[in-house]
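Engineer: pasting the sequence and the predicted coordinates here, then a few questions.
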Amino acid sequence: MRSASKIEPNELRAVLLSFGFVFTLMAAYYILRPVRDAMSSNWTDAELSTLFTATFVFSIAAVFLYGAAASRVKFRWLVPGVYGFFAVSFVTFYL
């Protein structure tokens with residue numbers, strides 16, 4: 001890995017943890033994607049439009065909340081907290 005990029009020895013742990021977090025997040029997204037598509041295939045155009053609008057509004061609210069948290073909480077606590085929240089959410093949806 002060091003030959004492909006300029007990663008210092010003291011940065012290797014952080015890089016591997018970051019890769020693991022992003023990999024887990026993307027894997028969960030792609031696992032849930034077929035479920036989302038299957039659910040929406042039975043919906044009318046009006047229902048899908050409402051779903052897309054709600055998703056847009058929720059995304060704007062989430063970005064605002066994350067920005068507010070990022071300005072008040074240390075990065076060291078914010079990132080694991082956000083990943084932990086999504087991990088618990090995915091496990092809850094699985095159950």
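Structural biologist: Arrived safely. Everything numeric in this text was worked out from a predicted model, so none of it was measured.

Engineer: helix or strand: which one has residue 14?
Structural biologist: helix 12-40 (DSSP states H and E).

Engineer: helices or strands next to that helix in the packing?
Structural biologist: helix 75-94 (3 or more Cβ pairs under 8 Å, 6 or more residues apart in numbering; DSSP states H and E). Glycine gets a C-beta too; all of them are placed from N, C-alpha and C.

Engineer: hmm, back to that, give me the angle between the helix holding residue 14 and helix 75-94.
Structural biologist: Relative orientation of helix 12-40 versus helix 75-94 (axes from the mean of the first three to the mean of the last three Cα atoms, to 10 degrees): 30 degrees.

Engineer: helix 12-40: how far from the chain's middle?
Structural biologist: 7 Å (Cα atoms, centre = their mean, to the nearest Å).

Engineer: and for stretch 33-50?
Structural biologist: Centroid separation for stretch 33-50 versus its chain: 21 Å, with Cα atoms, centre = their mean.

Engineer: center of this structure - which residue?
Structural biologist: residue 25 (5.3 Å; Cα atoms, centre = their mean).

Engineer: can you report how many residues lie near the closest residue to that residue other than its chain neighbours?
Structural biologist: Among residues not flanking residue 25 along the chain, residue 86 sits closest, at 6.6 Å (Cβ to Cβ, 6 or more residues apart in numbering). Counted with other Cβ atoms under 10 Å, the neighbours of residue 86 add up to 15.

Engineer: from residue 27, how far off is residue 86?
Structural biologist: 12 Å (Cβ to Cβ, to the nearest Å).

Engineer: against residue 73, how distant is the residue nearest to the centre of the chain?
Structural biologist: For residue 25 relative to residue 73 (Cβ to Cβ), the value is 19 Å.

Engineer: which phi and psi does residue 74 have?
Structural biologist: Main-chain dihedrals, residue 74, degrees, to the nearest 10: phi -60, psi 140.

Engineer: isn't the residue nearest to residue 25 right up against residue 28?
Structural biologist: Yes - counting by Cβ atoms under 8 Å, residue 28 is a contact partner of residue 86 at 7.4 Å.

Engineer: same for the helix or strand hosting residue 57, what does it pack against?
Structural biologist: Taking DSSP H and E as the definition, one finds residue 57 inside helix 45-72. In terms of contacts (3+ Cβ pairs under 8 Å, 6+ apart), helix 45-72 is packed against helix 75-94.
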